[in-house]
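> after the sequence you'll find the predicted model.
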There are 2 protein chains.
Amino acid sequence: MISESDILKCFQHLVDSTYHKDSILLGSGDDAAVIDTQGRQLVHSVDISKIGVHFHESMRPEDIAYRSITTALSDLAGMCSFPSFISIALTCDIEEISWYVKFSNGIKEALDEFSIDLVGGDVTNGELNISVNVFGYPFKKPILRNGAIPGDSIYVTGQLGKAKQGLNDWLNKKDSIYCKDFLRPKPQFQKAKELSDFATSCIDISDGLIKDLGDICKQSNVGAELCYEDIPILNDHKDLTHGDDYELCFTAPCHLDDQLKSQGFFLIGKIIQKLGLSVKKGGSEITFEKNGWDPFE
Amino acid sequence: MISESDILKCFQHLVDSTYHKDSILLGSGDDAAVIDTQGRQLVHSVDISKIGVHFHESMRPEDIAYRSITTALSDLAGMCSFPSFISIALTCDIEEISWYVKFSNGIKEALDEFSIDLVGGDVTNGELNISVNVFGYPFKKPILRNGAIPGDSIYVTGQLGKAKQGLNDWLNKKDSIYCKDFLRPKPQFQKAKELSDFATSCIDISDGLIKDLGDICKQSNVGAELCYEDIPILNDHKDLTHGDDYELCFTAPCHLDDQLKSQGFFLIGKIIQKLGLSVKKGGSEITFEKNGWDPFE
């Protein structure tokens, strides 16, 4: 049977390099890590990626690792913050050492791509379960879900539905350009940085636009009116509710509409006083009293 | 089937009170939490508690929650740091809502006892698995594993073996005073505070004295000589290797021996130049070349 020590050896190369030597005073290897936040506000979130729920058992270990980390990092983008370091709690019952080598390579790809450090973790035996803790700092200030006000415009940062298409293609063993959108989601840090100057609220679209914009509405105590034709979707209305896209949804004062559209953001609707979420499509309108999860089903 | 939303409602009462209103700028409920560390060094660790590995499936949910948290907190004590906040990644496939209510009450007991805040978490469906992220700050400065030097005295903060006895008693349905030592382990923050003024190295005894002191020796590049008769144990030599006691093992300059003994710390041996760990018992001596895991087996 593979030992904890065998597994830890596969991860050793991950804790050698340090992107933030000035703030990571002590990384992995002791009882705990020690971090100097240098007077900045620390932004922290935790996300579980579970086999059979968040990823498929036959996915490559590199992709499982990369996806677990980047979907967790996306919460920092949703706060208009940039990532600095992570820690990982890995539960795994796989016996092949080669799996751990590949898994650690997927971690390394994410660490290098986002210039972040792995400062610690834990490993135990059981059904594959990856809990990723992410830590970062605001680009300017954290943009929360509760700041949308009636009159604000609603934006998304990119096309929705690509991850769903990618998952379908991948499951059907079809090698399409969308597979990477599911297997290798990208948190939108550059866009988060751009919008942190003016956004009144922001969230990352992990659970689908309707659910996530619904959370902004609930926490801001406002409603939303969307124009279906303006929403950049790949296929159909299900792209509004599927999730996994990891684009951002945000609100901003409407006097910035021209500027934001020219920056490439998609204006999809407006915040209104009346609670609930409605989508105008052609001549008809669908209203959801309580920001319901899936309006089209 | 129980929904994520049903489960989250059980935890709602945990995020209402805030012990650290001045530093927890934003707690649970948004994409991430925001913390002002107020110029202090942040100490962070993550610990998984897994059913069948770290706790027994028939344990009360209150005890599972409490134990998961306090065993994770113990890593902060091992750094001579005090706790401030935690986040929890819970994977669970239990369908009874009453289980979550009791589990959340166990969390609440730990939060209140140690005056700490729950700032976030994640919940997903699967085999019971609790990953607890702990965060704190040094009492004075973090005491690491790598600072022991030859000539230092070696101490433990309390009796070893009580948790093992408690586990045995609990498994045999015997209601002894030791059951709580297994079910409700206490991180040694008060003792950590006292020893943080002078300790040269420190670790919490989670894996057994021999393994944990072995880690101090490895990281300090020194050896250790213990006197069996001086080690406060409940039963027999297996108390040195079982773990789960969550007392602290630390080293300190030997000129403080009288003072530290009068403070109630147990002097159990000394740090030597020669690598390896040996225990003198009666006239004989057992030597372990590589700070082996279990010398007596």
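Now that the structure is in, tell me what you want to look at.

> ranges for the helices of the stretch 1-150 of chain A?
Using DSSP state H, counting those that start in this stretch, the helices of the stretch 1-150 of chain A run over A:4-11, A:61-77, A:97-114.

> helices and strands around the last one, which ones?
Of the remaining helices and strands, those touching helix A:97-114 by 3 or more Cβ pairs under 8 Å, 6 or more residues apart in numbering or on different chains; DSSP states H and E are helix A:4-11, helix A:61-77, strand A:81-91, strand A:117-124. In this view, the C-beta of every residue, glycine as well, is placed from N, C-alpha and C.

> contacts for that helix next, please.
A:2, A:6-7, A:10-11, A:13-14, A:17, A:19, A:60-66, A:69-70, A:73, A:83, A:86, A:88, A:92, A:94, A:116-118, A:187, A:189 (Cβ atoms under 8 Å, 6 or more residues apart in numbering or on different chains).

> ranges for the strands of chain A?
Here chain A has its strands, by DSSP state E, at A:24-26, A:33-36, A:41-50, A:81-91, A:117-124, A:129-138, A:153-156, A:201-204, A:223-227, A:248-252, A:266-272, A:276-281, A:284-288.

> figure out which of those is closest to B:His56.
Minimum separation from B:His56 across those (Cβ to Cβ) falls at strand A:117-124, 15.2 Å.

> so which bits of that closest one are buried?
Within strand A:117-124, the residues that count as buried by 16 or more other Cβ atoms under 10 Å in any protein chain shown are A:117-124.

> ok, stretch A:5-12 next?
For stretch A:5-12, by 16+ other Cβ under 10 Å, it's A:7, A:10-11.

> what sits up against that stretch?
Contacting residues not belonging to stretch A:5-12 are listed as A:92, A:97, A:100-101, A:103-104, A:107, A:118, A:121, A:123 [Cβ under 8 Å, 6+ apart].

> pLDDT added to the residues you listed, as a markdown table?
Formatted as a markdown table, the entries for these read as follows, by pLDDT from 0 to 100:
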| residue | pLDDT |
| --- | --- |
| A:Cys92 | 94 |
| A:Ile97 | 95 |
| A:Tyr100 | 96 |
| A:Val101 | 96 |
| A:Phe103 | 97 |
| A:Ser104 | 96 |
| A:Ile107 | 97 |
| A:Leu118 | 96 |
| A:Gly121 | 94 |
| A:Val123 | 94 |
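
> for the nearest residue to A:Ser153 once chain neighbours are set aside, give me its contacts.
Once flanking residues are discounted, A:Ser153 sits nearest to A:Cys254: 4.6 Å by Cβ to Cβ, 6 or more residues apart in numbering or on different chains. When contacts are counted by Cβ under 8 Å, 6+ apart, A:Cys254 touches A:151-153, A:270.

> okay, A:Asp110 and A:Trp170: tell me how far apart.
You called it Asp, but residue A:110 is Ala. Distance of A:Ala110 to A:Trp170, computed by Cβ to Cβ, to the nearest Å: 19 Å.

> pick out whichever of those two has more residues nearby.
Taking A:Ala110 and A:Trp170 together and counting by other Cβ atoms under 10 Å in any protein chain shown, A:Ala110 has the greater number of neighbours (24 against 21).

> number of nearby residues for the closest residue to the more buried one other than its chain neighbours?
In space, and not counting its chain neighbours, A:Ala110 is closest to A:Ile69: 4.2 Å by Cβ to Cβ, 6+ apart. Using other Cβ under 10 Å, A:Ile69 is surrounded by 29 other residues.

> do the same with A:Glu229
Neighbour number of A:Glu229 under other Cβ under 10 Å is 10.

> tell me how chain A divides into domains.
Domain assignment of chain A by automatic domain parsing yields the ranges A:4-138, A:153-288.

> of all the ones you listed, which one is nearest B:Ser49?
Here domain A:4-138 is closest among these (Cβ to Cβ), at 8.4 Å.

> what residues does the stretch 101-250 of chain A put near chain B?
The stretch 101-250 of chain A has residues A:119-127, A:129, A:131, A:133-135, A:138, A:142, A:144-146, A:203-204, A:219 near chain B, with proximity defined as Cβ under 8 Å from any Cβ of the partner chain.

> selecting buried members of the contacts of stretch A:5-12 in ChimeraX, what would you type?
Buried subset of these, written as a ChimeraX selection, criterion 16+ other Cβ under 10 Å:
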select /A:92,100,103,104,107,118,121,123
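
> quick one: low-confidence ranges for chain A?
Low-confidence segments of chain A, defined by pLDDT under 70: A:287-297.

> surely A:Asp257 touches A:Leu267?
Yes: counting by Cβ atoms under 8 Å, A:Asp257 touches A:Leu267, with 6.1 Å between them.

> which neighbours do these two have in common?
By Cβ under 8 Å, 6+ apart, A:Asp257 and A:Leu267 have these common neighbours: A:Ser153.

> between those two, which has more neighbouring residues?
The neighbour comparison of A:Asp257 against A:Leu267 (other Cβ under 10 Å) goes to A:Leu267, with 19 against 15.

> for that one, give me its contacts.
Per Cβ under 8 Å, 6+ apart, neighbours of A:Leu267: A:153-155, A:230, A:257, A:260-261.

> what's opposite it in the beta bridge?
Bridge pairing for A:Leu267 (DSSP bridges) gives the partners A:Tyr155.

> repeat for the one 5 residues further on
When bridges are taken as DSSP bridges, the partners of A:Ile272 come out as A:Gly223.

> before we move on, back to that, and the two most separated of the buried residues of strand A:117-124?
Among the buried residues of strand A:117-124, A:Asp117 and A:Thr124 lie farthest apart (Cβ to Cβ), at 22.4 Å.

> can the domains of chain A go into TSV with extra columns for distance to B:Gly214?
Shown next, in TSV, are the domains of chain A (distance: least, Cβ to Cβ, whole Å):
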stretch	distance to B:Gly214
domain A:4-138	13
domain A:153-288	40
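
> right, and the ones you listed - which one's nearest B:His54?
Among the domains of chain A, the nearest to B:His54 by Cβ to Cβ is domain A:4-138 (7.4 Å).

> quote the end-to-end distance of the closest one.
End-to-end distance for domain A:4-138: 36 Å, by Cα to Cα, to the nearest Å.

> off-centre distance for it?
In terms of Cα atoms, centre = their mean, to the nearest Å, the centre of domain A:4-138 is found 14 Å from the chain centre.

> show me what contacts the residue sitting nearest the centre point of chain A?
When Cα atoms, centre = their mean is applied to chain A, the residue found nearest the centroid is A:Ser74 (2.6 Å). Listed by Cβ under 8 Å, 6+ apart, the contact set of A:Ser74 reads A:185, A:187-188, A:204, A:206, A:246.

> this completes my enquiry, with thanks.
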